[in-house]
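# Below: sequence and its predicted model.
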Amino acid sequence: MDTFCVLPWFGMQVDCQGLQKHCCLLPAKYDIEKIKQSMLAGQQPQECDKCWYLEKQGLASDRQDKNRSLDWYWNRDLESIAQDARNGASSVKILRLETSYTCNATCVYCGPHFSSSWGQLKSRMYPEIPIQKYQSIDLELLKQQFDLAEIKLLFFGGGEPLYERKNFELLQHLVDIGNVDVFVSILTNGSVSLNQEQQQLLSKFPNLNVCFSIDGTERVFEYMRFPLKWTDIVSNIEFFKSITSNISVSYTLSNLNILYHNHTVDWFQQNKLPYNNNPVYSPTWLQPRALPVKFKHHLKTMLNKSDFDAYIGSVHTEQDQQCWEEFLTQIVKQDLTKGIRWQQYLPELAKLLGNCI
């Protein structure tokens, strides 16, 4: 089972335009039948290289997470699920929805296709580019395409899913058809407070997970996810603990917050918040390894060996240097439009970089 993943057979992601994809980590174009054949033959398809890379570094991958989750919530062992795949007996059991791109944040590595606020920001950066119009998923079509009564895991992404009313309409539909035992995971930026009706609806799902996107604490968080406020996130974490015991964190690691990695992880552990590391792949100029070589030498003294090897690596390439130079251009452009400066939010990073350049 070292190469098997449930997603090519049992998973589907649908965005607000209705576009479908088996896994969010797959490239834009892929041959799903080729991927299936490779996995069943015990091979590692190159299209899934993001998961293979994490596993090689001893880190948990999305493949492993989804395998374990479907095994548990379908109440079937993974070998039986794999046998169904071999026999061609498969249907969607894991559904990830991006029902709209409505969002109140302009996270530093995001963009207009995932955040309406980023769309407004980009229109100020590039006035000639029109603002993307609001789009949302067609719920009636979704009900026709998938047997929602048989869905075992349902993931809400965004945008900010707690802003989108259609997500609550879909949850009410699951209540109406009797599928309240489905595992529901909501990936939220943590800034939204729910009304009483929404709170009551969520409380009907015993297998509810609320996953907070947190990339640092205090001012580090506030820079990475501008203009959100850290105090709101801390308050909402405490609130959601009153609804579910299953609170987790999606932690995105970039060249901007890797200096604060140890402190951030300590905070997760002190607050008993399980987390997943998600190193930035795109844009490449925000990748953790896109830093000056002298700064990487400093990181080697502060990060443990497995983290350094996984996120930085021992080789400094020409591409790393080019990405760093692109970072200096892009981040200044973002900051000017937002009316902020990263050096004010991340003074420790600014000081060390000044000594390393």
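Great, that's in hand.
# Dump the worst-scoring helix or strand of the chain on mean pLDDT to CSV, restricted to CA.
None of the helices or strands of the chain scores lower by mean pLDDT, DSSP states H and E than helix 347-356, at a mean of 86. The C-alpha coordinates for helix 347-356 follow below in CSV (Å, rounded to 0.1, in the frame of the first residue of the first chain):
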residue,chain,number,x,y,z
PRO,A,347,11.6,42.9,12.3
GLU,A,348,13.7,39.9,13.3
LEU,A,349,13.7,38.6,9.7
ALA,A,350,14.5,42.1,8.4
LYS,A,351,17.5,42.4,10.8
LEU,A,352,18.9,39.0,10.0
LEU,A,353,18.5,39.5,6.2
GLY,A,354,20.2,42.8,6.5
ASN,A,355,23.2,41.1,8.0
CYS,A,356,23.2,38.3,5.4
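# Show me what that helix packs onto, helices and strands only.
With contacts taken as 3 or more Cβ pairs under 8 Å, 6 or more residues apart in numbering; DSSP states H and E, helix 347-356 sits against helix 293-302, helix 342-345. C-beta: built from backbone N, CA, C; applies to glycine.
# ranges for the strands of the protein?
11-14, 20-21, 94-97, 153-156, 183-188, 208-213, 247-253, 275-279 (DSSP state E).
# which one of those strands lies closest to Arg341?
strand 247-253 (21.1 Å; Cβ to Cβ).
# Let me know the average pLDDT across the closest one.
For strand 247-253, mean pLDDT is 96.
# Nearest the geometric middle of the protein, what residue?
Nearest to the geometric centre of the chain sits Ser250, at 6.0 Å (Cα atoms, centre = their mean).
# Bridge partners for it, pull those for me.
Ser213, Asn276 (DSSP bridges).
# shouldn't it be in contact with Tyr275?
Yes. At 7.3 Å, Ser250 counts as touching Tyr275 under the criterion of Cβ atoms under 8 Å.
# between the two, what contacts are shared?
Counting by Cβ atoms under 8 Å, 6 or more residues apart in numbering, the common neighbours of Ser250 and Tyr275 are Ile214.
# Now Gln135: phi and psi?
The phi and psi values for Gln135, taken as degrees, to the nearest 10, are phi -130, psi 150.
# What number of residues are in the vicinity of it?
Neighbours of Gln135 under the rule other Cβ atoms under 10 Å: 15.
# Now for the closest residue to Tyr251 other than its chain neighbours, how many residues are close by?
Excluding the flanking residues, the one nearest Tyr251 by Cβ to Cβ, 6 or more residues apart in numbering is Tyr275, at 4.7 Å. Counted by other Cβ under 10 Å, the residues lying close to Tyr275 total 17.
# Ok, Val265 next?
14.
# check contacts around it.
Neighbour list for Val265: Tyr275 [criterion: Cβ under 8 Å, 6+ apart].
# Do you know the pLDDT at it?
97.
# Okay, it and Asn257: tell me how far apart.
Using Cβ to Cβ, to the nearest Å, Val265 is found at 11 Å from Asn257.
# which residues in the stretch 1-150 of the chain form helices?
For the stretch 1-150 of the chain, the helices defined by DSSP state H, counting those that start in this stretch cover 7-10, 32-40, 49-56, 62-73, 78-86, 116-125, 139-145.
# among the ones you listed, which is nearest Gly158?
Here helix 116-125 is closest among the helices of the stretch 1-150 of the chain (Cβ to Cβ), at 9.8 Å.
# Pull out the buried positions in that closest one.
116-119, 121-123 (16 or more other Cβ atoms under 10 Å).
# So which residues make contact with it?
With contacts defined as Cβ under 8 Å, 6+ apart, helix 116-125 is touched by 101-107, 110-112, 129-132, 134, 159, 333-334, 337-338.
# Check those for burial and list the buried ones.
Buried by 16+ other Cβ under 10 Å: 101-107, 110, 112, 132, 159, 334, 337-338, out of the contacts of helix 116-125.
# where's the dip in pLDDT among those residues?
Per-residue pLDDT puts Gln132 lowest of the buried ones among the contacts of helix 116-125, at 72.
# Test my guess that that residue contacts Tyr101.
Yes. Proximity of Gln132 to Tyr101 meets the contact threshold set by Cβ under 8 Å, at 7.4 Å.
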